[in-house]
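Visitor: Predicted structure and sequence below. I'll ask about it afterward.
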There are 2 protein chains.
Amino acid sequence: MANIKDVAKKAGVSVTTVSRTMNNRGYISKDTRKKIEEAIKELDYQPNQIARALFKKHSYVLGVIVPDLSHPFFAELINFIEAFASDRNYKILVCNSLQDAEKEKEYLDMLRQHRADGLIMCSHSLNVDAYRKVQMPIVSFDRIISSSIPYVASDNYRGGVMATKHLINKNCHRLLHISGPLTSDLLANRRADAFRETCAKFGIDYKIIEGAYVKATFEDNWNFIKNEVAPHLREFDGVFCSNDIIAYTLYVFASKAKIRIPEQLKIVGYDYHNFTRMLKYPILTTIKQPIDQIGKKLCALLIDQIENVSADNYVFDVQLIEGETT
Amino acid sequence: MANIKDVAKKAGVSVTTVSRTMNNRGYISKDTRKKIEEAIKELDYQPNQIARALFKKHSYVLGVIVPDLSHPFFAELINFIEAFASDRNYKILVCNSLQDAEKEKEYLDMLRQHRADGLIMCSHSLNVDAYRKVQMPIVSFDRIISSSIPYVASDNYRGGVMATKHLINKNCHRLLHISGPLTSDLLANRRADAFRETCAKFGIDYKIIEGAYVKATFEDNWNFIKNEVAPHLREFDGVFCSNDIIAYTLYVFASKAKIRIPEQLKIVGYDYHNFTRMLKYPILTTIKQPIDQIGKKLCALLIDQIENVSADNYVFDVQLIEGETT
């Protein structure tokens, strides 16, 4: 493999001149720069980024921690994060935490050891202490880690109000919300707050069933519905689900139980990711999060911090997509 | 941040002893090792992996190039690759090529600069020359790059035979295959070979419509079907689709055109990823690729090469999943 000396020799200049050119330091004539660029190209010279990172303390690598890559929401989010990072010349290291706090801790250590420039944290695991200690720029998705770490979210409270009001406007009188696990500090739980407060405001009977940490599979969601939701299902005429996968599974479950949708039971989901957009039987009524914009903003806020620009929290608006289930 | 000197001081040993312990060189007593390990833990000492990589030429980072992370097949494959890499203490850098050969080239340069230990190549882009020149261990998915680069695939030919025979056994007489783009050297194109040869063997009329590079969205697949497939659709009573997303889109298209499935038209897909497994209206008949095993084998073959074990091609068996569309 060619090294910097080979480049200097080929271009007929000193190693220092090559180095100064590559690092944009000091004056270099157009002519010299052109000769050096040609030599680099001809020799296919690859500067050793490891050595440069050691010197410059800049690796152009971003770590991304997600709870489950096989979940369509996070697959799509990673897709957009990668695209926007790549536009700004950064690469991403992906960690699939699967709610394993130990694995996340190891990954954080690894990122520090590799001198990653920053971290996008989308984890759902319970222990956030480890993140507060990380000495690198961080941005989190849908979660408040500390007052000094900016977060990006969509407007979960407004989404919860929209979903609940939509069911009330469709003449539902007894409402159920299947939330996410409420014990953690996820901003997504504002959806449940909005549901509770909107029902109270309109004098509507309601119940909240707390979701479990289940995998994004039909079977896991089916078992949850069968065990936790089914015994109560006929008490309600409208259900607001905290994500589209449980909404779809509930649709299938209710249909097989001969409950007519939307006549007897109306269902609203949340997310509007790939799976929901692809689905045509039924077309789900749901709350759309702008996943592309969330991915772009997470990248932008992180890179701003890396490049010493201060970064603020950012909350995106959401949108009601009316389908056939309400 | 604590450095190696702080660790040595705290443990009451020399820097050389700490270094020897961390690199497993020479004899270190149990007692000394314990003291050093405790000091490392107490001081939360993170050895600088950049400096170590420079010395050891080993970064424990694997590059992975996929054509489209938002495609459920590749999202799931990445999910398994990450899990198995993590089990063996490797991390993954993900590149979403989106068929952009220029982006792939830049990414390859970046991996060389960062001294990645190896590369899993799942790209569909046309130019594979760049990969032949990469001076690091590679394994490819479903693609022959060169005789010295091992590949992992599922048995595409057998999958094609199974799908075609299934349609013939279900009394189809005029068969259509919607293939992938046939110009590239993807092993997935063996499905079309198998279709052609199986139809010929059984004396069945057939036609192949070549697929286009479309995104994994309902709209893109719908437009392709509307423009390329619809004018011929009523000539056939069975269709073998080269992936589940086009099979599902075709099901929706045919249903809206009042073609009864499976009575008038039978449809077989290919893949059986997350989306297909979640789908209940309809349950697709399809050919299952073992995505978990493919991910595991890709990792294993790459790490074998990195650790100087020779690696061979590996072809997995496939399985017919009979649903409601045939």
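Guide: Right, received. Where do you want to start?

Visitor: Give the bridge partners for A:Gly269, please.
Guide: Counting by DSSP bridges, A:Gly269 is bridged to A:Thr286.

Visitor: so what's it up against?
Guide: By C-beta atoms under 8 Å, 6 or more residues apart in numbering or on different chains, the contact list for A:Gly269 reads A:Cys241, A:Asn243, A:Asp244, A:Ile246, A:Ala247, A:Tyr248, A:Thr276, A:Leu284, A:Thr285, A:Thr286, A:Ile287, A:Thr325. Bear in mind the C-beta positions are built from the backbone N, C-alpha and C, glycine included.

Visitor: Show me just the buried residues among those.
Guide: A:Cys241, A:Asn243, A:Asp244, A:Ile246, A:Ala247, A:Tyr248, A:Thr276, A:Leu284, A:Thr285, A:Thr286, A:Ile287, A:Thr325 (16 or more other C-beta atoms under 10 Å in any protein chain shown).

Visitor: Tell me, how many residues neighbour A:Glu219?
Guide: Close neighbours of A:Glu219, defined as other C-beta atoms under 10 Å in any protein chain shown, add up to 12.

Visitor: What strand or helix carries it?
Guide: helix A:218-224 (DSSP states H and E).

Visitor: what packs against the helix or strand following that helix?
Guide: The C-terminal neighbour of helix A:218-224 among helices and strands, as given by DSSP H and E, is strand A:238-241. Helices and strands in packing contact with strand A:238-241 are listed as helix A:156-169, strand A:174-178, helix A:244-256, strand A:266-271; criterion 3 or more C-beta pairs under 8 Å, 6 or more residues apart in numbering or on different chains; DSSP states H and E.

Visitor: what about those, which gets the closest to B:Gly159?
Guide: Closest to B:Gly159 of the helices and strands packed on strand A:238-241 is helix A:244-256 (C-beta to C-beta; 27.9 Å).

Visitor: Sketch out the low-pLDDT regions of the stretch 1-150 of chain A for me.
Guide: A:1, A:23-26, A:47-57, A:126 (pLDDT under 70).

Visitor: ok, now how distant is the most centrally placed residue in chain A from A:Lys296?
Guide: Nearest to the mean C-alpha position of chain A, counting by C-alpha atoms, centre = their mean, stands A:Leu77 at 4.9 Å. To A:Lys296, A:Leu77 is 10 Å away according to C-beta to C-beta, to the nearest Å.

Visitor: can you check A:Tyr281 too?
Guide: Computed as C-beta to C-beta, the A:Tyr281 to A:Lys296 distance reads 32 Å.

Visitor: Those two: which has the busier surroundings?
Guide: Taking other C-beta under 10 Å, A:Tyr281 and A:Lys296 do not tie; A:Lys296 has more neighbours (18 against 14).

Visitor: and the nearest residue in space to that one that is not next to it in sequence, what does it touch?
Guide: Leaving aside its chain neighbours, A:Lys296 sits nearest to A:Phe84 (4.7 Å; criterion: C-beta to C-beta, 6 or more residues apart in numbering or on different chains). A:Phe84 is in contact with A:Gly295, A:Lys296, A:Cys299, A:Ala300, counting by C-beta under 8 Å, 6+ apart.

Visitor: among these, which are in helices?
Guide: A:Gly295, A:Lys296, A:Cys299, A:Ala300 (DSSP state H).
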